[in-house]
Each structure stands twice: as structure tokens, then as C-alpha cells.
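Asks: Could you look at this predicted model? Sequence included:
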Amino acid sequence: MKTLQPISNLNRIEFLDILRGMSIFFIFTANIPFFAGLWFFDADSEIREMNWASDEPLRYIHYVLVDGKFYSIFSLLFGIGCVIQYNNVTSKGKSFAPFFRIRMFWLLVFGLIHLFLFWAGDILTLYAVLGFVLVWFVKTSNKTLLVTAAVLILMPLLNWAFMHFTEVFYPATFFKMQIAIWQYFDMPLIEIGGQTRVNLRAYLLNDNILDFFKMNLGGGFARIGLILAEGRIFKVIGIFLIGIWTGRKILNGNLLTNTSFLKKVFWIGLLFGLPFNIWRGYLEFYADKNTLNEFLHTLTYALGTLPFALSIAASIALLCLNGNTFLKTLFSPVGKTALTCYLVHTLAGIIVFYGFGFELAGKYGYTIIMFIATIIFIGQVIISRIWLKYFKYGPTEWLWRKLVYGF
């Protein structure tokens, strides 16, 4: 029986590294408005120093083309990675389930630390928890995978309907836990519409590191509430299943060289997904806030996000077929150190924007914030390229592998 080892660099699929690195960048551009306080300090805020005419158009374009798409691609990559790990483990005569559960356990540890101590927007915890579920599907037929995935991706609609028609907003328990933790530590609260809410402006402007950790304990519970409210659990596990199907086709069906299939995915995803995303953008930025539009927003998200994300992934695969060296140079290094770079984004966001850092929260509009995100990412590309000249894995990747493989 062969000794279990990580996937070697020689056996890596370049396209997956490129797509992973690209996802890391655009996920950061979706997350950085929170760090920058864009959602909590409007353009007329007393601390805003600069607004550009391009801010609102750029914000709308980003919402339509980026929001939700790249964490969907990242979820797809997670499922693909599960298949690659399954093949690696079983080819050495080992049992996959115990191995993958250990892998998910340590990812959960990283995620919980990140979620409850540093940033409530963490995605690792959700991936790790759902990773335990994913083990049940690694031997499922392709047809069952796709049918189950389709049902799960539409489940947020049922989730919305349940909360709306029963008037049982079950995620409220977790938001109340956030409030209770802030009250316990005597953190700043505000009243909005007769309801007690956490003061996120005070959170971002806070210059006390100990208070930062106290407030983050509550933020972790709020994150759980938000995930439940939007039904993201169903969607993510659904995309995981499509990722398993995709991984099988990559490893056994030459999917990445099937130009005809990739073009179909690109065009169908674009023509079907883009109109729904434009509609969703209109609902978010310009439509009245009422029950019908709330439902339509959930509907357009369910129907438009994944097809458009798959279209993006297929377009990158087609570009990689033509040997696009620019994509490889820009995104592959970060794709190989994705976990480290994802966590560093939190550190960078805290240092640049928070009150005990450079105190830039609330001071700039969308254009400058996206510019800052791009500069940080380019720095990561440079550092990752240098790092990989001397080491096989990123530092967090190395630690994760050491905890899982034991060497």
C-alpha cells in the first residue's frame, strides 16, 4: 500500500490554478467594500474625503458582473478538488472518507478562528462544514449529482417563501446572539426602526484591538444568520456537486480540451445568465423595495449567478487552450497559494482601513477602493511568485498539509 502524499506540483492542472487565483482576486473586490466601510458611510458622510464620478457606474457593473460569481466559481473548484483528492487517495489503496474528514476538520479550525476573531465574512467555515456532507456524494452517479444540484440551487427560493409566508425568520436567533455578545462586552449599539443593531461604523473606526476581537465574536454569529437567510448553504453544496461532475469530466473525459462543449457552456451561460444579472442589478439599485421585488431579487440570483459564473469559467478554459501566458503569469501564483492569499486579504483590509490601522474606512468611494484592492493583489502576485521559487506551497497550505498528512 502506497504512502499517502499531497498532489505534486507536476500533477497540478494549470487552468485550475489560474481560475482559483482569479477567483481570489474578485472575491477580494467583493469583500473589500465592507473593510472600507462603503456600505456604512455614504457619499455625504462627514469623513468622506473623495468621491469620483465613476463610483456608482463601477459599483453597478461590479454588482452585475462580479458579485456572487467568483465565490460560485470557487465553490466549483472546491468540488473539482474533492474529485482530484479522491483519485489521489484511492489510487494508493487508502479510504477517502477518513482522509477528507481530517482535511475538513483542520479547514474548519482555520475557518472558525478567521470567522470569530478576525472577519465575519469568512467562507472557510461554510466550506468545511459542507465538505463533511460532500463525502456522501463522491461515488454518486453523474445524473444524480446534476439533478440534486439543480434542486439545491433553487432551494433559496423555497427558503425565502418559507420565511415570508410563515413569518418565521429563523436566522434571527443568530442576529440576537450577536447583539447579546456586544451588550455583554458593552460594545456600541444603535437603534434603527425601533430595533437594536450593532454599530458597524464604530466597529470600523474602533482603535482598540481587544474591542476588535470582542466585536468579532458577535460578528461570527451574524454571518451564520446571513448565510441561513439567503439560503447559501443549499446553493454552495449544489455547486460542489457540479464541481464533482466537472472534476470527473476533467480527469476522465478531457473536458478542458473539448472546445465545442466549452463554447456551448460559454454562450448558454452568457445569454441565459447575463440578462438575469442585469435585472438583479436593476432590482438592487433602482427598483422599489417591496415584497415582489425581494422575491424577484432572490429569483434572479438563483437563476442568473451560476450560469454566468460557468460562462466565465468556460471562457478562461478556452483562453488557456490558446496558451494565454498573461493569465498564467498574473493569476497562477496566487492560485497556488490561494488559502494564504485569502487570509492575507483580511489582514490587509484590517490594516489599511480599520481604526487601529491606517484609518481609511469611510474615506473613499468605489473607484479608489477597487484601485486599492488591485494594488494589494498585484503585491500578492509578486510575493507569491518569489515564494514559490523557494517553497512548494504557501505557508498556510504547508501547515494544512502538515496537519493532514503528518509530515
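Replies: Noted; the coordinates are in hand. Predicted model, so just to flag it, every value in this text is computed and none were measured. Numbering: from 1, shown residues only.

Asks: From the contact counts, what lies against whatever helix or strand residue 343 lives in?
Replies: Using DSSP states H and E, residue 343 sits within helix 338-353. If you count contacts as 3 or more C-beta pairs under 8 Å, 6 or more residues apart in numbering; DSSP states H and E, helix 338-353 packs onto helix 14-35, helix 366-390, helix 395-405. Every residue, glycine included, has its C-beta placed from N, CA and C.

Asks: who's in contact with that helix?
Replies: The contact list for helix 338-353 (C-beta atoms under 8 Å, 6 or more residues apart in numbering) reads 20-21, 23-24, 27-28, 31-32, 34-37, 110, 114, 118-119, 124, 204, 334, 357-361, 372, 376, 380, 384, 394-397, 400.

Asks: Residue 41 - that's part of a helix, no?
Replies: No. Under DSSP: H, G, I helix; E, B strand; the rest coil, residue 41 sits outside any helix and is assigned coil.

Asks: Okay, helices next: where are they in the stretch 51-200 of the chain?
Replies: Applying DSSP state H, counting those that start in this stretch to the stretch 51-200 of the chain gives helices spanning 55-65, 69-90, 96-113, 124-134, 142-166, 172-184, 200-205.

Asks: Select, out of those, the one closest to residue 44.
Replies: Among these, helix 55-65 comes nearest to residue 44, with 12.6 Å by C-beta to C-beta.

Asks: and that closest one with helix 366-390, angle?
Replies: If you take axes from the mean of the first three to the mean of the last three C-alpha atoms, to 10 degrees, helix 55-65 sits at 50 degrees to helix 366-390.

Asks: Need the residues that contact helix 55-65.
Replies: 29-30, 43, 274, 277-278, 280-281, 284-285, 308, 365-367, 370.

Asks: 7 Å - rerun?
Replies: 29, 277-278, 281, 284-285, 365-367, 370 (C-beta atoms under 7 Å, 6 or more residues apart in numbering).

Asks: how close does the closest residue to residue 20 other than its chain neighbours get to residue 390?
Replies: Distance criterion C-beta to C-beta, 6 or more residues apart in numbering; nearest residue to residue 20, sequence neighbours excluded, is residue 335 at 3.7 Å. Look at residue 335 and residue 390: by C-beta to C-beta, to the nearest Å, they are 18 Å apart.

Asks: So which of the two has more stuff around it?
Replies: Using other C-beta atoms under 10 Å as the criterion, residue 335 and residue 390 rank with residue 335 on top: 25 against 6.

Asks: ok, now which ones touch the more buried one?
Replies: The contact partners of residue 335, by C-beta under 7 Å, 6+ apart, come to 17-18, 20-21.

Asks: same deal with residue 381?
Replies: Contact analysis of residue 381 by C-beta under 7 Å, 6+ apart lists 330, 333-334.

Asks: what residues are up against residue 404?
Replies: Residue 404 makes contacts with 102-103, 106, as judged by C-beta under 7 Å, 6+ apart.

Asks: per-residue pLDDT, residue 10?
Replies: The model reports residue 10 with a pLDDT of 41.

Asks: Over to residue 312?
Replies: 98.

Asks: Pretty sure it sits against residue 72.
Replies: No. Judged on C-beta atoms under 7 Å, residue 312 makes no contact with residue 72 at a distance of 9.1 Å.

Asks: related to what we said a few turns ago, tell me how far the helix holding residue 343 lies from the chain's centre.
Replies: 13 Å (C-alpha atoms, centre = their mean, to the nearest Å).

Asks: Tell me where the model's unsure across the protein.
Replies: Scanning the chain for pLDDT under 70 picks out the ranges 1-12, 407.

Asks: Spatially central residue for it, please.
Replies: By C-alpha atoms, centre = their mean, the chain has its centre lying nearest to residue 71, at 3.6 Å.

Asks: residue contacts, that residue?
Replies: Counted by C-beta under 7 Å, 6+ apart, residue 71 has contacts 27, 123.

Asks: Restricted to buried residues, select the contacts of helix 338-353 in PyMOL.
Replies: Buried residues within the contacts of helix 338-353, by 16 or more other C-beta atoms under 10 Å, are selected in PyMOL with:
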select buried, resi 20+21+23+24+27+28+31+32+34+35+36+37+110+114+118+119+124+204+334+357+360+361+372+376+380+384+394+396+397+400
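
Asks: What sits closest to residue 187 if chain neighbours are left out?
Replies: residue 215 (5.3 Å).

Asks: What is the neighbour count of that neighbour?
Replies: With other C-beta under 10 Å as criterion, residue 215 counts 23.

Asks: That one should be in a helix, yeah?
Replies: Yes. Counting by three-state DSSP, residue 215 is found in a helix.

Asks: Isn't it up against residue 189?
Replies: No. Checked against C-beta under 7 Å, the pair residue 215 and residue 189 is beyond contact range at 10.8 Å.

Asks: Give me the common contacts of these two.
Replies: residue 182.

Asks: one step back: among the contacts of residue 404, which ones are buried?
Replies: Buried among the contacts of residue 404 by 16+ other C-beta under 10 Å: 103, 106.
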